[in-house]
Each structure stands twice: as C-alpha cells, then as structure tokens.
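*Asks:* Provide a 3D model corresponding to the input given below.
(one chain, ligands or ions: 1)
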Amino acid sequence: MASIYRGRFAPTPSGPLHFGSLIAATGSYLQARAQRGEWWLRIDDIDPPREQKGAVSSILSTLEEFGFEWDGEVLYQSKRQQRYQQVVEQLKGKGLAYACSCSRSSIQKKTGQKKGELVYPGFCREQPLQQCEDYSIRLRVDDGIIRFEDTIQGTISTNLAARFGDFVIQRRDGYFAYHLATGIDDAEQGITEVVRGADLLDSTPCQMLIQHQLGLPCPSYAHLPIACNHSGQKLSKQSHAPALDSSKATILLQKSLKFLGQMPPISLADATLDELWQWAIENWDINRVPAQVALE
Ligand SMILES: [Zn+2]
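*Replies:* All right, here's what the predicted structure looks like:
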C-alpha cells in the first residue's frame with residue numbers, strides 16, 4: 001500500500017491567527033491537498049503562561065471562515081503531558097538526558113558568553129543532583145553534523161553541539177520544551193512532511209535528534225519564507241501583527257498565494273473562497289515558493 005501524505009498545521013494559542021499564520025496554514029494545506037493527502041490540526045498549547053484566553057476557539061473559527069478543512073480530531077498537546085513525561089524518563093534512563101541546575105547567569109559567567117541564545121557545554125552532565133534542587137532537564141548533544149534536505153530551503157547542516165549545546169527538553173517550571181513535544185507529536189501522528197515558517201528552521205535539527213534518539217521516524221521538512229512587517233520584523237504577536245479579518249478572507253488568501261509564489265489569474269480577482277481554493281489546489285507548485293521574500 002502506498003503511504004499517504006500527511007501534513008499538519010500546529011498553531012500556538014498565544015493569540016489570534018495573523019497573516020504569518022495564514023501563510024503557514026495555506027502552504028501546509030495546499031502541499032497536502034494537492035497530493036490528495038491529509039491535513040491535520042494540532043494546537044501546541046504546552047506553555048500555559050503564554051496562552052491567551054479564547055485563542056483556541058478564535059483560531060478554530062478563523063480557519064473555518066477561511067475555508068480550511070482538517071482531517072480527524074484536533075490534537076491538543078496539553079493532553080499529551082503524560083507521554084512527554086514518559087519520554088523524558090526514557091531518555092534519562094538511557095543516559096541521554098540529565099538534570100541541570102545551572103541558571104542563565106551562571107552559564108554566562110562560566111562561559112563568558114554575552115546575551116542571546118546561550119550554548120550550554122554540559123556542566124551538569126556527569127553531576128548527580130541533590131534531591132529537591134531546582135532543575136531543568138537537558139538532552140545530551142554530541143558533536144556532529146545533522147544534515148537534511150529542506151524542500152524549499154535546500155540542504156541544511158547544523159552542528160547542534162556548537163549551535164546550542166545540550167538543550168532543555170523540560171523546563172524548571174515543569175513544562176515541556178517545544179522541541180520535545182513537537183518532535184514526538186510529528187513522529188507519532190505519522191506526519192510525513194512538516195511545512196511551516198522558516199523561523200522554525202533552527203529548531204528542526206533539535207526535533208530530528210529527539211526523533212532519532214527515540215527511534216521514531218523523521219518527517220521531511222519544507223520551510224516557507226517568513227512574512228515581515230515594513231520595519232523588517234517577523235509578523236508575530238510580539239510585533240503586534242493584526243489578527244486575520246475573516247470578512248476579507250478572499251483578499252487575504254489571494255495575498256497569501258502570491259506571497260507563496262502562486263499566481264492566481266486575473267480572472268479569479270472576484271472569485272469566491274471555494275473557487276479560489278479549487279484553483280489553488282489544482283495549481284499548487286511548491287517549486288515556485290521562494291526561500292525568502294523581500295520587503296514590499
Ligand atoms: Zn547545568
């Protein structure tokens with residue numbers, strides 16, 4: 001039996017969907033539907049402090065109003081905590097993960113690194129912690145190159161040890177890291193290709209390493225260009241990207257298709273949402289998606 005294509009869209013409910021989210025949803029949806037594949041919806045709600053009340057229902061209704069149709073039940077990462085904990089214990093048991101009590105400032109002090117993303121060289125690797133200590137759990141990262149072929153961005157190779165060092169998979173507040181939850185869920189949901197924004201390109205090798213350490217399959221990856229505002233900032237809740245306005249769904253979908261290098265003909269200028277989707281599914285070509293899009 002030929003294996004079916006299975007894609008997904010996995011928004012974080014930290015606020016309503018914006019144009020950057022629409023691009024990720026559109027790209028992943030068309031890549032799945034053009035291959036008569038499935039498109040699953042997952043809510044990445046593993047970080048309650050960052051969540052916004054009402055965001056989940058706003059995300060679901062916006063997707064419906066834009067004409068997205070997902071397969072199966074929506075998966076909520078918040079309901080997968082037990083599984084993530086099991087995996088953390090499994091990795092610890094295999095000696096692949098360990099508790100670390102270092103604070104940001106102590107890592108900076110010991111390594112002389114400035115602000116920003118810190119590379120953690122594994123101070124606590126061989127140090128059994130006292131009980132009741134405040135700690136996070138880190139994954140051991142060995143020196144070596146992780147390489148993959150991104151459908152849009154080309155060959156990506158990263159040495160995770162040099163880039164991040166041993167990275168956190170469970171935070172000191174007990175919440176699970178994005179890499180851990182996403183790496184496990186993509187593999188266990190049987191996702192065959194992850195299509196998402198290139199702002200997550202850096203995190204991909206971390207998820208691949210987790211999948212590898214657990215003996216899970218790695219999906220393939222396609223990272224879409226990032227939408228920026230006029231000041232060059234990535235569209236996000238932090239850059240105050242406006243929420244998608246469903247009354248302008250056809251205009252915004254046209255804009256999203258153009259951003260992704262798909263050129264709906266002029267004859268579709270007044271098309272309905274259904275007509276636009278039909279055209280987009282029939283004519284989708286991922287080879288036309290640019291790796292980057294310059295500012296307008
Ligand atoms: Zn440490």
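*Asks:* Strands of the stretch 151-296 of the chain, residue ranges please.
*Replies:* Counting by DSSP state E, counting those that start in this stretch, the stretch 151-296 of the chain has strands at residues 154-159, 167-170, 193-197, 220-224.
*Asks:* Which one of these lies nearest to residue 38?
*Replies:* Of all the strands of the stretch 151-296 of the chain, strand 193-197 sits nearest to residue 38, with 11.1 Å by CB to CB. (Glycine included, C-beta is placed from N, CA and C.)
*Asks:* Tell me the strands beside that closest one, with direction?
*Replies:* Paired neighbours of strand 193-197 in the sheet (DSSP bridges): strand 220-224 (parallel).
*Asks:* how near is the residue nearest the centre of the chain to residue 265?
*Replies:* Centroid-nearest residue in the chain: residue 200, 5.6 Å away (criterion: CA atoms, centre = their mean). Residue 200 sits 32 Å away from residue 265, going by CB to CB, to the nearest Å.
*Asks:* The residue lying closest to residue 39 once chain neighbours are set aside: helix or strand, and which one exactly?
*Replies:* If the residues on either side of it in the chain are set aside, residue 39 comes closest to residue 32, at 4.1 Å by CB to CB, 6 or more residues apart in numbering. Using DSSP states H and E, residue 32 sits in helix 19-33.
*Asks:* Quick one: name the residues of this structure near the ion.
*Replies:* Proximity of the chain to the ion, by CB under 5 Å from the ion, involves residues 100, 102, 123, 124.
*Asks:* re the thing from before, CSV please, covering the strands of the stretch 151-296 of the chain and showing distance to residue 212.
*Replies:* What follows is the strands of the stretch 151-296 of the chain, written out as CSV (distance: least, CB to CB, whole Å):
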stretch, distance to residue 212
strand 154-159, 13
strand 167-170, 14
strand 193-197, 15
strand 220-224, 14
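*Asks:* Could you dump those strands into CSV and include mean neighbour count and mean pLDDT?
*Replies:* What follows is the strands of the stretch 151-296 of the chain, written out as CSV (neighbours: other CB atoms under 10 Å; pLDDT from 0 to 100):
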stretch, mean neighbour count, mean pLDDT
strand 154-159, 12, 96
strand 167-170, 22, 96
strand 193-197, 23, 97
strand 220-224, 22, 98
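*Asks:* Give me the buried positions along stretch 108-122.
*Replies:* Residues of stretch 108-122 classed as buried by neighbour count (16 or more other CB atoms under 10 Å): 119, 120, 122.
*Asks:* still on that earlier bit, can you report how many residues lie near the residue nearest to residue 39?
*Replies:* When neighbours are counted by other CB atoms under 10 Å, residue 32 registers 27.
*Asks:* and it, how far is that from the ion?
*Replies:* Distance, residue 32 to the ion, by CB to the ion, to the nearest Å: 41 Å.
*Asks:* where in the stretch 101-250 of the chain is pLDDT low?
*Replies:* The model of the stretch 101-250 of the chain has pLDDT under 70 over residues 129-132.
*Asks:* re earlier: for the residue nearest to residue 39, list the residues it contacts.
*Replies:* By CB atoms under 8 Å, 6 or more residues apart in numbering, the contact list for residue 32 reads 5, 6, 7, 38, 39, 195.
*Asks:* Out of those residues, name the ones that lie in strands.
*Replies:* 6, 7, 38, 39, 195 (DSSP state E).
*Asks:* my read: the first one touches residue 36, true?
*Replies:* In other words, residue 6. No - taking CB atoms under 8 Å as the definition, residue 6 is not a contact partner of residue 36, at 11.4 Å.
*Asks:* Which one of the two is surrounded by more residues?
*Replies:* Taking neighbours as other CB under 10 Å, residue 6 and residue 36 compare with residue 6 leading, 20 against 9.
*Asks:* Fine by me, we can end here.
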